[in-house]
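Q: Sequence and predicted model, in that order:
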Amino acid sequence: MVCAFPALGQLQQSPGDEIVQTIETDSSQAVGAPESGSQLVGTISGMVVDSSQAVMAGVPIRLTQDSQSRTQESVTDGGGQFWFNDVSPGRFELTISARNFASQTITGTLHPGEDYVTTQIVLTLATEITAVRVGLSSTEVAEEQLKLQESQRLLGFVPNFYVSYVPNAVPLNSKQKFALSLKYVIDPATFAVTGAAAGIRQTQDNLDEYGTGAAGYGKRYAASYADLVTGTFLGSAIFPSLLKQDPRYFYKGSGSVWSRTLYAMANAVICKGDNQHWQPNYSGIAGSLASGGISNLYYPSNRQGAGLVFENTAIGIAETAIQNVLQEFVLPKLTPHLSKPMNNPRHGAPQTP
């Protein structure tokens, strides 16, 4: 019942490649050298990522300054980082552009001798522009976004498919909701995690009515997997299709810790509709209740009944709230290829964008 996606194509550059930097200037003047009598030069650096926090390599960056007619150009390296060395002090403007992404302009003031590190630059997909230029329908755009979303794996292994890092992602149609649910429940990692959960239940003698040994483990595994399948399809495909709601969690990633925490917890009971408006999460709650009712068919009699179904649904809502908070603050850091602390090329000291 998780009411819970990364960028389209980005320019590629090998992680080992150096930053390419060219300076348009008069050939009679040493590249990057400060003019006679000028103040101490400094550096400007930063990191470029997409909406999923994946670093973007090969992104062109152009530096212009109010006091000079020349421009400097650079591209991000394999870690998404860029640098401009020997920059004269004063106001500057950075223009960042990449294919299929909306361009951004960053302005600031460099003081004499300063190592200026920009805040992390996040490029967002130019969804509408891309759709017009290449003639993609909303369904096709959603499909491309979904393919990238399905590559999200915690620790490179556990599926994290139901999180979108694109705040204005195109809504999924019914076919895509069912396809995502199927991909999740038949993923090898899902089978492995379910097996581990069944093993823990057996070790703790949970559901002792199922017995011990291989037979008892098999029953616990079947019950755990049945819970997962019914909960996923009912809460993330069937009811979301009927009620036109989006089963994904939309990563916020900005604002104060308190506002992000409240947002994450609220998403346990609200979700985005296919109309892009926030609304009560009827599909997730109904899916949990229906899944709990079905579980009465295979759980022991002392673990059945309407009261227990409502109790488990309430517990599930609380668990989803906790999971959403982890999605907001912890889990992105456990997913490979997301941004990491950057290093200043001059001093090697870690800098937090």
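A: All right, it came through fine.
Q: Ala223 contacts Leu297, doesn't it?
A: No - using Cβ atoms under 8 Å, Ala223 is not in contact with Leu297, being 10.3 Å away. All C-beta atoms are positioned from the backbone trio N, CA, C, and that covers glycine.
Q: quick one: pLDDT of Pro345?
A: What the model reports as pLDDT for Pro345 is 39.
Q: Kindly report the same for the one 5 residues further on.
A: In this prediction, Pro350 carries a pLDDT score of 34.
Q: just Ala131 next, same as before
A: Looking at Ala131, the pLDDT reads 42.
Q: ok, back up a step: tell me which of Ala223 and Leu297 has more neighbours.
A: Ala223 (20 against 8; other Cβ atoms under 10 Å).
Q: host element of that one?
A: helix 213-233 (DSSP states H and E).
Q: by contact count, what packs against that helix?
A: helix 174-185, helix 188-203, helix 282-295 (3 or more Cβ pairs under 8 Å, 6 or more residues apart in numbering; DSSP states H and E).
Q: how many degrees apart are that helix and helix 188-203 in direction?
A: Counting by axes from the mean of the first three to the mean of the last three Cα atoms, to 10 degrees, helix 213-233 lies at 130 degrees to helix 188-203.
Q: what does the longest helix along the chain rub up against?
A: Longest helix in the chain by number of residues (criterion: DSSP state H): helix 306-329. Helix 306-329 is contacted from outside by 1-4, 163, 249, 251-253, 257, 260-261, 263-265, 267-269, 284-285, 288-289, 292-293, 295-296, using Cβ atoms under 8 Å, 6 or more residues apart in numbering.
Q: got the buried residues for the helix holding Ala223?
A: Applying a neighbour-count criterion of 16 or more other Cβ atoms under 10 Å, the buried positions in helix 213-233 are 216-217, 219-221, 223-233.
Q: Please parse this structure into its domains.
A: Domain assignment for the chain by automatic domain parsing gives 21-125, 153-334.
Q: can you tell me which of these the model trusts least?
A: Out of those, domain 21-125 stands lowest, with a mean of 80 (criterion: mean pLDDT).
Q: What is the distance between that one and the centre of its chain?
A: Taking Cα atoms, centre = their mean, to the nearest Å, one finds the center of domain 21-125 at 26 Å from the center of the full chain.
Q: and what of stretch 313-320?
A: Computed by Cα atoms, centre = their mean, the chain-centroid distance of stretch 313-320 equals 23 Å.
Q: quick revisit: for the domains of the chain, give me TSV that also has distance to Glu140.
A: As requested, the domains of the chain are exported to TSV (distance: least, Cβ to Cβ, whole Å):
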stretch	distance to Glu140
domain 21-125	13
domain 153-334	9
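Q: closest to Thr139 out of those domains?
A: Across the domains of the chain, Thr139 has its closest neighbour in domain 153-334 (6.0 Å, Cβ to Cβ).
Q: Ends of the closest one, what's the gap?
A: For domain 153-334, the first-to-last residue distance is 9 Å (Cα to Cα, to the nearest Å).
Q: in stretch 70-86, what's buried?
A: Using 16+ other Cβ under 10 Å as the test for burial, stretch 70-86 gives 72-85.
Q: One more: stretch 303-310?
A: Using 16+ other Cβ under 10 Å as the test for burial, stretch 303-310 gives 304, 309.
Q: Give me the distance between that stretch and the centre of its chain.
A: Centre-to-centre, stretch 303-310 and its host chain are 35 Å apart (Cα atoms, centre = their mean).
Q: For ChimeraX, write the selection for the buried entries among the contacts of helix 306-329.
A: Selection of buried members from those for ChimeraX, criterion 16+ other Cβ under 10 Å:
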select :1,2,3,4,163,249,251,252,253,260,261,263,264,265,267,268,284,285,288,289,292,295
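Q: Report the buried residues of stretch 324-336.
A: 324-325, 327-328, 331-332, 335.
Q: and if you look at stretch 162-177?
A: Result for stretch 162-177 [16+ other Cβ under 10 Å]: buried residues 162-166, 169-173, 176-177.
Q: And for stretch 97-106?
A: Neighbour-count burial for stretch 97-106 flags 98, 100-101, 106 (criterion: 16+ other Cβ under 10 Å).
Q: Between all of those residues, which two are separated the most?
A: Largest separation among those by Cβ to Cβ: Asn100 and Ile106, giving 19.7 Å.
Q: the helices in the stretch 1-150 of the chain, which residues?
A: 127-134, 138-149 (DSSP state H, counting those that start in this stretch).
Q: Just give me the lowest mean pLDDT stretch among these.
A: When the helices of the stretch 1-150 of the chain are ranked by mean pLDDT, helix 127-134 comes last with a mean of 46.
Q: Let me see the contact set for Pro171.
A: Pro171 touches 138, 142, 246, 272, 274-276, counting by Cβ under 8 Å, 6+ apart.
Q: One more pass at 7 Å, please.
A: Applying Cβ atoms under 7 Å, 6 or more residues apart in numbering to Pro171 gives the contacts 142, 246, 274, 276.
Q: and of those, the nearest to Pro60?
A: The nearest member of these to Pro60, counting by Cβ to Cβ, is Ala142 at 28.3 Å.
Q: What is the neighbour count of the residue nearest to Asp115 when sequence neighbours are not counted?
A: With sequence-adjacent residues excluded and distances taken as Cβ to Cβ, 6 or more residues apart in numbering, Asp115 is closest to Thr43, at 5.0 Å. If you count neighbours by other Cβ under 10 Å, Thr43 ends up with 18.
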